[in-house]
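A.B. asks: no FASTA, just this:
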């Protein structure tokens, strides 16, 4: 390129300006060629890259690929999380108990509990007390009378109290059940059992509240064996008016 420079000492400045302009054009051209070359290499490596144009280096499917990878990562994390939860759960998805093994049963008192209710009576009157036994699920106690002589029947033993007469306890009907350790069905009680105690006050009974101590003899068994018998202590509150 020929540049005509006029007088006045401005020729040097003009030549510097033209030279700088030529250099910038050359740099931009090389930069554009470099961009196109890099983009073309990327396009050759991955079909998802766009055409090699200056300033256009973003892949077509970049967002789709990133989104797909994120979904894959989330799916893998959820899968291993579900495996971890399944390992901590028992059959049917129920988590096993974290406590230690159940307490071994060594006596009938561990599976039979007793409850009584207050009784209100008048002087020279009659009434009835109720003794309720609660038997744990999976266990039973022998009925009264028991099926075999060697079995210990359930028995309520009231104490003697001045001014009060206690008649024979009235036991509920038994349930017949068959067990592997018995050759024929046994008469037993299960669940909740109520035993009645007929009461009668005498002329010597004092007005007010008094207690009638009782003892309940029981022998508990499960479906395979019987446990040592126990005597449960309780008392019945009686109010004489």
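C.D. replies: On my side now, so go ahead. Note that the coordinates shown come from a computational prediction; the quantities given were computed from them, not determined experimentally.
A.B. asks: what does stretch 172-186 contact?
C.D. replies: 140, 142-143, 146-148, 151, 187-190, 193-195, 221, 223-226 (CB atoms under 8 Å, 6 or more residues apart in numbering). Using the backbone N, CA and C atoms, a C-beta is placed for each residue, glycine as well.
A.B. asks: Whichever of those residues end up buried, select them in PyMOL.
C.D. replies: The buried subset of these, as determined by 16 or more other CB atoms under 10 Å, is captured in PyMOL by this line:
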select buried, resi 140+142+143+146+147+151+187+188+189+193+195+221+226
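A.B. asks: now, which of the contacts of stretch 172-186 lie within strands?
C.D. replies: 140, 142, 187-189, 193-195, 221 (DSSP state E).
A.B. asks: Let me have those in CSV, extended by pLDDT and distance to residue 108.
C.D. replies: Below are these laid out as CSV (pLDDT from 0 to 100; distance: CB to CB, whole Å):
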residue, pLDDT, distance to residue 108
140, 96, 11
142, 95, 10
187, 96, 17
188, 97, 13
189, 98, 12
193, 97, 13
194, 97, 18
195, 98, 16
221, 92, 9
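A.B. asks: Low-confidence ranges, this protein, go.
C.D. replies: Along the chain, segments meeting pLDDT under 70 span 1-69, 83-102.
A.B. asks: Do a quick rundown of the strands in it.
C.D. replies: Under DSSP E, the chain gives strands at 112-116, 119-121, 126-135, 140-142, 155-158, 164-166, 175-177, 186-189, 192-201, 208-218, 220-221, 230-240.
A.B. asks: if you compare those, which one is most tucked away?
C.D. replies: Neighbour counts (mean count of other CB atoms under 10 Å) averaged over each of those peak at strand 140-142, with a mean of 27.
A.B. asks: Any chance you could list what contacts that strand?
C.D. replies: 108, 112, 133, 135, 151-154, 175, 177, 186-190, 193, 218-222.
A.B. asks: wait, what's in contact with the residue nearest to residue 132 when sequence neighbours are not counted?
C.D. replies: Excluding the flanking residues, the one nearest residue 132 by CB to CB, 6 or more residues apart in numbering is residue 115, at 4.6 Å. Residue 115 makes contacts with 131-134, 234, as judged by CB under 8 Å, 6+ apart.
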